[in-house]
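>>> Give me the fold of what follows.
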Amino acid sequence: MKKEAMDVDGADTDVDGESLGNCLSSFIDNGSIESHRYYLARRTALEMLRDRGFAVPNSEIEVSLQEFRDKHGQKPEIDNLRISSLHKDDPSNKVLVLFCGPHIVKVNVIRAIATQIVNRDSLSRLILVVQNKITSQALKAVGLFSFKVEIFQITDLLVNITKHECKPKHQVLTDEEKQSLLKKYNLDEKQLPRMLQKDAIARYFGLEKGQVLKVIYTGELTQLHTSYRCVW
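As a prediction, this is how the structure comes out:
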């Protein structure tokens, strides 16, 4: 049996000097944790907007970690991470995603955000990505905005939960599809299985109460199975 050795470049080699590929150290991320977290959270936010029907170029989603760091550095400026997008089917539906720093989100932070938003009347939804707790006074200030505000912890966005292999596929029904479903099975929406509005999947899709999700299960045990859940 040939023994393995490591050359000065970090590649594994056998005793005859044949390369066996890179060693594990080559897979270690030498960049900052901060930039990696922002990269992952921003990518998931982009995927989330795309899955909600907003116009998000694939080129933005497919940016690599190195490309992200080349653009934003190891300590990204949060103002440069913002995302603005229009809905593909309704250009009047505009969303803005803003990232907050690592400190506690106080009312002065919310006020500062309010002053940053240009053309506030044209905005339909604001998504805040925070890294710390948000005070009760700040939450009250958020409630004064004329548009809907969603708040995500950055840790909620480090992984796209809809991509997990154990998660079934979720499809949001339109109002017409919902009414067709209820009519087909002679049901009232209250008779459908429920999903809380604070459920991670409901939050990912930004669902309102009364909306219905089609849930498609696949697997060796379940085979192809479909169910529906109404958000409450």
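
>>> Residue 138: neighbour count?
A count of neighbours around residue 138, defined by other C-beta atoms under 10 Å, yields 22. For the C-beta atoms, the positions are set from N, CA and C on the backbone; glycine is no exception.

>>> Please enumerate the strands of this structure.
For the chain, the strands defined by DSSP state E cover 4-6, 11-14, 19-22, 83-86, 94-99, 125-130, 148-153, 169-172, 194-195, 212-217, 225-231.

>>> List just the one of those that sits closest to residue 119.
strand 94-99 (8.5 Å; C-beta to C-beta).

>>> ok, the nearest residue in space to residue 48 that is not next to it in sequence - contacts?
Distances taken as C-beta to C-beta, 6 or more residues apart in numbering put residue 204 closest to residue 48, at 5.8 Å, once the chain neighbours are dropped. Residue 204 is in contact with 48, 51, 161, 162, counting by C-beta atoms under 8 Å, 6 or more residues apart in numbering.

>>> Which of these has the largest number of neighbours?
Most crowded among the contacts of residue 204, counting by other C-beta under 10 Å, is residue 48 at 25 neighbours.

>>> show me where this structure has helices.
33-51, 58-61, 65-72, 107-116, 136-142, 175-184, 200-205 (DSSP state H).

>>> average model confidence for the third one?
Taken as a whole, helix 65-72 has a mean pLDDT of 96.

>>> Can you give me the domain boundaries for this structure?
Domain ranges of the chain: 33-157, 161-231, per automatic domain parsing.

>>> Which of those domains has the highest mean neighbour count?
Among the domains of the chain, ranked by average contacts under mean count of other C-beta atoms under 10 Å, first place goes to domain 33-157 (a mean of 16).

>>> mind checking the end-to-end distance for it?
15 Å (C-alpha to C-alpha, to the nearest Å).

>>> before we move on, what about stretch 149-157?
OK, stretch 149-157 end separation, C-alpha to C-alpha: 16 Å.

>>> Kindly report the same for stretch 188-201.
Using C-alpha to C-alpha, the end-to-end distance of stretch 188-201 comes out at 23 Å.

>>> what's the answer for stretch 186-201, then?
The first-to-last residue distance of stretch 186-201 comes to 26 Å (C-alpha to C-alpha).

>>> before we move on, what about stretch 144-157?
Taking C-alpha to C-alpha as the criterion, the two ends of stretch 144-157 lie 25 Å apart.

>>> One more: stretch 183-191?
Across stretch 183-191, first to last residue, C-alpha to C-alpha, it's 12 Å.

>>> Contacts for it, please.
Taking C-beta under 8 Å, 6+ apart as the rule, stretch 183-191 contacts 178, 181, 182, 210, 212, 230.

>>> Verify the contact between the second one and residue 174 for me.
The one in question is residue 181. No: using C-beta atoms under 8 Å, residue 181 makes no contact with residue 174, being 10.5 Å away.

>>> Look up the closest residue to residue 42, ignoring the ones flanking it.
Nearest to residue 42 is residue 81, by C-beta to C-beta, 6+ apart, at 5.6 Å.

>>> Then residue 169?
residue 216 is the one closest to residue 169 (C-beta to C-beta, 6+ apart), at 4.3 Å.

>>> related to what we said a few turns ago, okay if I get the strands of the chain as CSV plus distance to residue 37 and mean pLDDT?
Shown next, in CSV, are the strands of the chain (distance: least, C-beta to C-beta, whole Å; pLDDT from 0 to 100):
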stretch, distance to residue 37, mean pLDDT
strand 4-6, 31, 45
strand 11-14, 30, 52
strand 19-22, 25, 55
strand 83-86, 16, 96
strand 94-99, 10, 96
strand 125-130, 10, 97
strand 148-153, 11, 96
strand 169-172, 26, 94
strand 194-195, 28, 95
strand 212-217, 29, 94
strand 225-231, 29, 93
